[in-house]
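Asks: Provide a 3D model corresponding to the input given below.
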Amino acid sequence: MKRLTFFLCFCALTCVTFINCSKSDDGSAIIPVNQSYWPFKTANTWKLYNDVDKDENEIKIFHTVNFQGKDYFSFIDQNDEVSYPLAVREENGIFKMYYAPTEQQDAEIGGGAITYINTTKAVNESWTENMTISFKTSMGDGNLIYTHTGRILEKSDSESINGKIYNDVVKTELVQKITNSLTTEITETKEVYWLSKGVGPIRMIFSGEDYSDTYSLIEHQLK
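Replies: Have a look, this model is predicted:
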């Protein structure tokens, strides 16, 4: 998967392919850097590299979008906030993903929010969350049923990545299953994130039916 922009872009493309076969005053929107495993703030940037494919992945927060009075941070660079398909935020160690209502190709897709990382759980303690998004297309109407199942694989005092030591690391796994009620198709992917407190992602592993890509941190900048 070349030029990954987090797995957000994959999720947005999955929705479309599947179907067709303002800022707030919320004071909790930005968690202090030293308390978060993935510090979210506009202009924060992480660069990761895939040694096998010789592919660099830059993750940058461009700005915020608002959903139900809460700020979500977008990794997708678009001028029109309404068109942002995906954005993320942290709520006390629980990371949420927001799917904004959008129109893509001939599809009108609804919106909603769902957990994708939970750092508050014990090692190997799993969690599951579901979300249903409705859609309308020329082929018919239906729902995209999201099932996110996650767990913490390991917690470690430190990890060495590309010759640098990163402290207080949590390794999380997310299995995402999307069921299309119209076509009955099911897509399943897995993402593993190594997160260092006060830094963010130091390693990301994306895998599906016919691919597996590993990206490791080479540099980052926090505002």
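Asks: tell me where the protein has helices.
Replies: For the chain, helices defined by DSSP state H occupy the ranges 8-20.
Asks: just the buried positions in the longest strand along it, please.
Replies: Secondary structure assigned by DSSP state E gives strand 140-161 as the longest strand of the chain. Along strand 140-161, the positions that meet the burial threshold by neighbour count (16 or more other Cβ atoms under 10 Å) are Gly142, Leu144, Tyr146, Thr147, His148, Thr149, Gly150, Arg151, Ile152, Glu159, Ile161. For the C-beta atoms, the positions are set from N, CA and C on the backbone; glycine is no exception.
Asks: dump these to TSV, plus pLDDT and distance to Ala43.
Replies: Listed next are the buried residues of strand 140-161 as TSV, based on pLDDT from 0 to 100; distance: Cβ to Cβ, whole Å:
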residue	pLDDT	distance to Ala43
Gly142	95	38
Leu144	94	32
Tyr146	96	29
Thr147	97	33
His148	97	28
Thr149	98	32
Gly150	98	28
Arg151	97	31
Ile152	98	29
Glu159	97	26
Ile161	95	23
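Asks: circling back to that earlier point, C-alpha coordinates for the longest strand of the chain, PDB please?
Replies: Coordinates of the C-alpha atoms in strand 140-161 are reproduced here as PDB (Å, rounded to 0.1, in the frame of the first residue of the first chain):
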ATOM      1  CA  GLY A 140     -30.200   0.700  -4.100                       C
ATOM      2  CA  ASP A 141     -30.000   1.800  -0.400                       C
ATOM      3  CA  GLY A 142     -28.400  -0.100   2.400                       C
ATOM      4  CA  ASN A 143     -26.100   0.100   5.500                       C
ATOM      5  CA  LEU A 144     -22.400  -0.300   6.100                       C
ATOM      6  CA  ILE A 145     -22.000  -2.200   9.400                       C
ATOM      7  CA  TYR A 146     -18.700  -1.500  11.100                       C
ATOM      8  CA  THR A 147     -17.400  -3.900  13.700                       C
ATOM      9  CA  HIS A 148     -14.200  -2.800  15.500                       C
ATOM     10  CA  THR A 149     -12.500  -5.300  17.700                       C
ATOM     11  CA  GLY A 150      -9.300  -4.300  19.500                       C
ATOM     12  CA  ARG A 151      -6.800  -5.200  22.200                       C
ATOM     13  CA  ILE A 152      -3.500  -4.200  23.700                       C
ATOM     14  CA  LEU A 153      -0.900  -6.700  22.600                       C
ATOM     15  CA  GLU A 154       1.900  -5.500  24.900                       C
ATOM     16  CA  LYS A 155       3.100  -2.700  27.100                       C
ATOM     17  CA  SER A 156       6.900  -2.100  27.300                       C
ATOM     18  CA  ASP A 157       9.100   0.400  29.100                       C
ATOM     19  CA  SER A 158      11.000   1.200  25.900                       C
ATOM     20  CA  GLU A 159      11.500   0.200  22.300                       C
ATOM     21  CA  SER A 160      14.300   0.900  19.800                       C
ATOM     22  CA  ILE A 161      13.200   2.000  16.400                       C
END
